[in-house]
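[1] model this:
(4 chains)
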Amino acid sequence: MFAVTCLAILIVMGIALARAFIGPTVYDRILAVNMFGTKTVLFIAVYGFLTERPEFMDIALVYALINFVGVIAVLKFVERFPPPSAQSDE
Amino acid sequence: MILDLYNYWVVIFLMMSGFYTLIASNHLIKKIVGLNIFQSSVFMLYISMGKVAGGTAPIAAEGIDTYSNPLPHVLILTAIVVGIATTSLALALVIRIKESYDTVQENEILELDRISDEETQA
Amino acid sequence: MNFIIDALSWACLMLGCFLGISGAIGIFRFDEFYSRAHAASVTDTLCVLFIISGLVLQSGFNLVTVKMIFIVVLLWLTSPVASHALIRSAYQTGLKPKLAITRKESSKRTQS
Amino acid sequence: MSAINLLIDIVLLTMLVFTTIAIVRSRSLFAIVMLSGIYSLLSANIFVVLDAVDVAFTEAAVGAGISTVLMLATIGITGYEQKKRRSISRITPLIVVFITGAVLVYGTLDMPAFTNPSNPVHEHVAPRFIEQSPTEVGIPNMVTSVLASYRGYDTMGEVIVVFAALIGVLSLLGIREKKTDPVYTEPPPRPILQVMAKFMIPFIILFALYVQFHGDFGPGGGFQAGVIFSVAIILYTLTFSQQDAMDLVPPWVLKRLAALGVLIYGGTGVVSLLKGGNFLDYNVLAHDPIHGQHYGILIIEFGVGLTVACVMILIFFAFISRGDKNP
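    Presented below is the predicted three-dimensional model:
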């Protein structure tokens, strides 16, 4: 059951990755990275149970804390230095 | 089995991508990103080597007798922190270059250097 | 007893997976940033809740459970705030929602 | 390694390959930074799958927090876009890269299979660490005992390298303290973020302390704790202002504390010398060797954490204060 969940999370990660590749706006990329971060937290949590050593929940916890900081930093940056065109960054 | 070496091939691919970015890119920040990819490919190589089939994370617990190799983990753990410190040093150098040359394109920097050399000779 | 717990956690995990995948399809298929953000942020919180509660059912009560409850609380607090900040700065830097444009055009059309 | 783990490993590595291709091909620096964020998340996942929980921990703290912030600060100063014109030809680098890659792949064909327990790398030093360290050093986390006790010299060198990088950054950039006070408005410009940050920062600091002192038993230790602590200060700086953060943790204090951390590490070694042991041999620190190891590891991990935290905060301050000078 954990294996199925792991694979489903991997599929979600793959799709978010595709969104991060194609963009088109900077905000889409930030959104994809944010989603990727949340799914990383879940993946690490579920993987701990899959390998029957769930005591390493600390890594998931540190992502839950720090992913927020990364997103806020990116947003501050985008507000201070707006991209040349907000519609697309390519 | 062909998948036995998959990790190592991915490592080589990452290493070569970083290498390519390093030598083919004209932008100094992109060069640093290439260097970072190169660096993390080495991390991946070490960690792949440390994995043992059937082993778990090297933290002793009841009822477990196969552990992965802790030595590569130690080396890479410190290497990551040292890596971010040296990357920040490189980025600081890029900022100084931008301030004195007003560009971060390698060819423009070389061009400016050539002009100033000719001026001093003349 | 064990069977019931197993079944419950299966249900929770599968529901969480379903929500996660539907959010991912939303983020991939919708044609505009704001609807993508909507799809991602709405499904994210419940997906986290279901998957983690599926895990909590399996682990019983110990330190790991406490950590997982912390993860849920933190993600429930930070994820909406991050979505809010993201959409707000997108709006402020001039990315217009598609809906507003079409409504303006349609109102023009009805006036003329 | 069972089939499902191998499958997960392969899927994650393939995603990593695609991310790398996207990074190499992308022209927008901002997209490159975002993709590097994904790159680091993916590599942390791979580290977890390959059992390196401590490394994943470090990568989590460094890659998601500090690396992105520093890259963005630099891009803010140097400008957004790469220029379109390319003067260097792509052919020669490609040929060089392909030849080197082919040689390396040829080299791997002789390598023993991945995860094989009888690989040479697992046969020499590692068995001793795995078998002896829980009894010799007395703590369950073998990574911490190797890091702090068996290879204490190495780690001391790494801490000094981090410190030296700080000296380099400070002598290149320096930290400017702003003369003018920041303007406070009522209500603040980002009320929700500020409330959230106020709520989060104590949690992050508490978690950093947990990681610092729980590192003997679970994943964690001085390096990770230092980075996590510095992320708390970075969050404070981002949501409030640089001046507020510099009032909270003045740079002159941080500079002295960073040096103090190295001093604690080296001082522990000197104390063990004076007590009649070797340099960084903690057995002599207490009457019982196991207790001595405990004290020694606790003290030097504290020194490492102090240095890393102060260095990261100072580097961050140096970068953002430069950004204020040239917008």
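
[2] residue D:116 and residue B:53 touch, don't they?
    Yes: Residue D:116 is within contact range of residue B:53, at 6.7 Å (criterion: CB atoms under 8 Å). In this view, the C-beta of every residue, glycine as well, is placed from N, C-alpha and C.

[3] would you map the helices across chain C?
    Counting by DSSP state H, one finds helices in chain C at the ranges C:2-29, C:33-59, C:63-92, C:98-111.

[4] can you put the ones you listed in JSON lines and add mean pLDDT and mean neighbour count?
    Formatted as JSON lines, the helices of chain C follow (pLDDT from 0 to 100; neighbours: other CB atoms under 10 Å in any protein chain shown):
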{"stretch": "helix C:2-29", "mean pLDDT": "88", "mean neighbour count": "18"}
{"stretch": "helix C:33-59", "mean pLDDT": "87", "mean neighbour count": "21"}
{"stretch": "helix C:63-92", "mean pLDDT": "86", "mean neighbour count": "19"}
{"stretch": "helix C:98-111", "mean pLDDT": "58", "mean neighbour count": "10"}
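
[5] hmm, residue B:48 and residue D:119 touching each other?
    No: using CB under 8 Å, residue D:119 is not in contact with residue B:48; the gap is 10.7 Å.

[6] neighbour count winner among the two?
    Per other CB atoms under 10 Å in any protein chain shown, whichever of residue D:119 and residue B:48 has more neighbours is residue B:48, with 22 against 17.

[7] which residues of the stretch 51-200 of chain D lie near chain A?
    Within reach of chain A by CB under 8 Å from any CB of the partner chain, the stretch 51-200 of chain D has these residues: D:53, D:56-57, D:60-61, D:64-65, D:68-69, D:72-73, D:75-76, D:80-81, D:193, D:196-197, D:200.

[8] could you do chain B as well?
    By the rule CB under 8 Å from any CB, the part of chain B lying against chain A is B:56-57, B:59, B:61.

[9] one more: the stretch 201-327 of chain D?
    D:203-204, D:207, D:211, D:218-220, D:224, D:228, D:231, D:234-235, D:238-239.

[10] and which of those residues is nearest to residue D:130?
    Checking those against residue D:130 with CB to CB, the nearest one is residue D:219 at 16.5 Å.

[11] circling back to that earlier point, take the helices of chain C and write them to CSV, including distance to residue D:299.
    Formatted as CSV, the helices of chain C follow (distance: least, CB to CB, whole Å):
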stretch, distance to residue D:299
helix C:2-29, 44
helix C:33-59, 35
helix C:63-92, 26
helix C:98-111, 60
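
[12] any idea which of those helices gets closest to chain B?
    Closest approach to chain B among the helices of chain C (CB to the nearest CB): helix C:63-92, 13.0 Å.

[13] so the closest one, near chain A or not?
    Yes: Helix C:63-92 lies within reach of chain A by CB under 8 Å from any CB, at C:63-64, C:67-68, C:70-71, C:74-75, C:78-79, C:81-83, C:85-86, C:89-90, C:92.

[14] for the closest residue to chain C within chain D, phi and psi?
    Of all residues in chain D, residue D:196 sits closest to chain C, at 4.8 Å by CB to the nearest CB. Main-chain dihedrals, residue D:196, degrees, to the nearest 10: phi -60, psi -40.

[15] next up, the contacts around the closest residue to it other than its chain neighbours.
    Nearest non-adjacent residue to residue D:196, counting by CB to CB, 6 or more residues apart in numbering or on different chains: residue C:81, 4.8 Å away. Neighbour list for residue C:81: A:68, D:192-193, D:196 [criterion: CB atoms under 8 Å, 6 or more residues apart in numbering or on different chains].

[16] likewise residue D:259?
    Contacts of residue D:259 (CB under 8 Å, 6+ apart): residue D:163.

[17] wait, a helix at it?
    Yes: per DSSP: H, G, I helix; E, B strand; the rest coil, residue D:259 lies within a helix segment.

[18] can you give me the helices in chain B?
    Under the criterion DSSP H, helices of chain B are mapped to B:6-24, B:28-50, B:70-101, B:106-121.

[19] and those: which comes nearest residue C:51?
    helix B:28-50 (26.2 Å).

[20] tilt between the closest one and helix B:70-101?
    180 degrees (axes from the mean of the first three to the mean of the last three CA atoms, to 10 degrees).

[21] can I get stretch D:90-98 in PDB, CA atoms only?
    Coordinates of the C-alpha atoms in stretch D:90-98 are reproduced here as PDB (Å, rounded to 0.1, in the frame of the first residue of the first chain):
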ATOM      1  CA  ARG D  90      29.000  24.800 -29.400                       C
ATOM      2  CA  ILE D  91      30.600  22.000 -31.500                       C
ATOM      3  CA  THR D  92      34.000  21.800 -29.800                       C
ATOM      4  CA  PRO D  93      32.600  21.600 -26.200                       C
ATOM      5  CA  LEU D  94      30.100  19.000 -27.300                       C
ATOM      6  CA  ILE D  95      32.900  16.800 -28.900                       C
ATOM      7  CA  VAL D  96      35.000  17.200 -25.700                       C
ATOM      8  CA  VAL D  97      32.100  16.300 -23.500                       C
ATOM      9  CA  PHE D  98      31.100  13.300 -25.600                       C
END
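
[22] quick one: low-confidence parts of chain A?
    Residue ranges of chain A with pLDDT under 70: A:83-90.

[23] ok, which stretches of it are helices?
    A:2-22, A:26-50, A:57-80.

[24] do the shortest one and chain B meet at all?
    No: judged by CB under 8 Å from any CB, helix A:2-22 and chain B are separated, with a smallest distance of 15.0 Å.

[25] same thing with the longest one?
    No: counting by CB under 8 Å from any CB, chain B has no neighbours in helix A:26-50; the shortest distance is 9.7 Å.

[26] list the helices and strands that helix packs on?
    Under the contact definition 3 or more CB pairs under 8 Å, 6 or more residues apart in numbering or on different chains; DSSP states H and E, helix A:26-50 sits against helix A:2-22, helix A:57-80, helix C:2-29, helix C:33-59, helix C:63-92, helix D:3-25, helix D:29-49.

[27] and the fourth one, does that touch chain D?
    Pointing back at helix C:33-59 there. No: counting by CB under 8 Å from any CB, chain D is not contacted by helix C:33-59; separation bottoms out at 14.2 Å.

[28] how far off centre is that helix?
    5 Å (CA atoms, centre = their mean, to the nearest Å).

[29] helices and strands around the lowest-mean-pLDDT helix or strand in chain B, which ones?
    Within chain B, no helix or strand scores below helix B:106-121, which has a mean of 87 by mean pLDDT, DSSP states H and E. Helix B:106-121 sits against helix B:70-101, with contacts defined as 3+ CB pairs under 8 Å, 6+ apart.
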